[in-house]
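Visitor: Need a 3D model of the sequence below.
(one chain, ligands or ions: 1)
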Amino acid sequence: MTAKLIDGKAIAASVRAAVKEGVAAFTARTGVRPGLTVVLVGENPASQVYVRNKGKAATEAGFLSRQIDLPASTSEAELLNLVARLNADDTVHGILVQLPLPKQIDESKVIEAIDPAKDVDGFHPVNAGRLFTGGASFLPCTPYGILTMLDHEKVELKGKHAVVVGRSNIVGKPVAILLLSRHATVTICHSRTVDLPSVVRTGDVVVAAVGRAEMIRGSWIKPGAVVIDVGMNRNAAGKLCGDVAFDEATEVAGLISPVPGGVGPMTIAMLLQNTLEAASRRTAGR
Ligand code: NDP
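Guide: Next up, the predicted model:
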């Protein structure tokens, strides 16, 4: 068997096209362009690329896109001040502070300072809490993108066993909650899970969010399973690869997302979707 590929790039393009239409309609209705401000502290090269890509995508979709660059020496108080100003700025509907932050700044303090109504990354504890309790929240972009992919592929989750490998606050835990909300039976694995291959083998749906190149082997995959690879790693040859040994897994899985071209493009698309949603909620509340 060779698995069907999930084309994250194409699904992301369709989400972005829909957001672009939504932005145009919003602007025509309100006379205001929805705004996304991305804050970058320091010069981490990977962060610079992510921030540039986010800004470009936002501009293409018609948002008022702003990037604020601060030096690596920025103090926590200075960053918190900036966040307070952005919270109060009516032209800013979405705020994203790119992580990681330099070590003198407490990330959780900064995340908690962002107005939850502008928290388009979905990392604020209020939004995380609403995800748990089922209220309207901003979903973190990567888990939201994974769910959107699964929906696009019409994957039935009800009653299925979903195995999530990884328990971070930004991917593993929230994706597990989303799968649960769709009535999957969910197992969350981590570095202390005993006999990981056997657990993964029970998954009708497997989400790999570990950060270890090609760790999940084809022999771990249940025949016909849906495999979502979140990992973004470099293999020994320096090539971008996921957490799943793709060539092996495609021989066994029914449906699989590749790296690159899978979850990655979805993350930016959902950021745009959240920003449009933030702008729409704000004007609806007036
Ligand atoms: P974290 O490092 O925060 O979390 C990794 C998780 O994997 C932890 O829960 C850890 O367990 C678990 N883990 C580590 N080693 C093992 C092991 N040997 N066996 C089982 N579990 C293990 O990573 P993130 O969640 O932030 O990211 C995961 C991957 O996804 C990375 O490659 C990252 O680059 C990528 N990513 C991709 C995005 C995209 O847009 N495509 C967005 C975000 C992330 P424990 O908790 O016990 O330490």
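Visitor: Please enumerate the strands of the chain.
Guide: Defined through DSSP state E, the strands belonging to the chain, from first to last, are 4-5, 35-41, 64-70, 94-97, 161-165, 185-189, 205-208, 226-229, 233-234, 240-241, 255-256.
Visitor: A88: which of those is closest?
Guide: Using CB to CB as the criterion, the shortest distance between A88 and these is 11.1 Å, found for strand 94-97. (Glycine included, C-beta is placed from N, CA and C.)
Visitor: Export the closest one to CSV, keeping only CA atoms.
Guide: Output in CSV follows, covering the C-alpha atoms of strand 94-97 (Å, rounded to 0.1, in the frame of the first residue of the first chain):
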residue,chain,number,x,y,z
GLY,A,94,-3.9,40.5,16.3
ILE,A,95,-0.7,40.6,18.3
LEU,A,96,2.0,37.9,17.9
VAL,A,97,5.2,38.0,19.9
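Visitor: picking that back up, okay if I get the strands of the chain as a markdown table plus mean neighbour count and mean pLDDT?
Guide: Compiled in a markdown table, the strands of the chain are given as follows (neighbours: other CB atoms under 10 Å; pLDDT from 0 to 100):
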| stretch | mean neighbour count | mean pLDDT |
| --- | --- | --- |
| strand 4-5 | 14 | 98 |
| strand 35-41 | 24 | 98 |
| strand 64-70 | 17 | 98 |
| strand 94-97 | 26 | 98 |
| strand 161-165 | 26 | 99 |
| strand 185-189 | 19 | 98 |
| strand 205-208 | 28 | 99 |
| strand 226-229 | 29 | 98 |
| strand 233-234 | 13 | 93 |
| strand 240-241 | 18 | 95 |
| strand 255-256 | 22 | 98 |
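Visitor: now the ones you listed as a markdown table including distance to the ligand?
Guide: Supplementary listing: those in a markdown table, determined by distance: least, CB to the nearest ligand atom, whole Å:
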| stretch | distance to the ligand |
| --- | --- |
| strand 4-5 | 16 |
| strand 35-41 | 15 |
| strand 64-70 | 19 |
| strand 94-97 | 13 |
| strand 161-165 | 6 |
| strand 185-189 | 6 |
| strand 205-208 | 8 |
| strand 226-229 | 9 |
| strand 233-234 | 5 |
| strand 240-241 | 10 |
| strand 255-256 | 15 |
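Visitor: do you know which of these lies nearest R130?
Guide: Between R130 and these, the tightest spacing by CB to CB is seen for strand 94-97, at 16.8 Å.
Visitor: got a list of contacts for that closest one?
Guide: Residues from elsewhere that reach strand 94-97, judged by CB atoms under 8 Å, 6 or more residues apart in numbering: 34-39, 41, 54, 79, 83, 86-87, 110-111, 114-115, 118-121, 271, 274-275, 278-279.
Visitor: do the same with stretch 52-59
Guide: Contacting residues not belonging to stretch 52-59 are listed as 16, 36, 38, 65, 67, 96, 268-269, 271-272, 275 [CB under 8 Å, 6+ apart].
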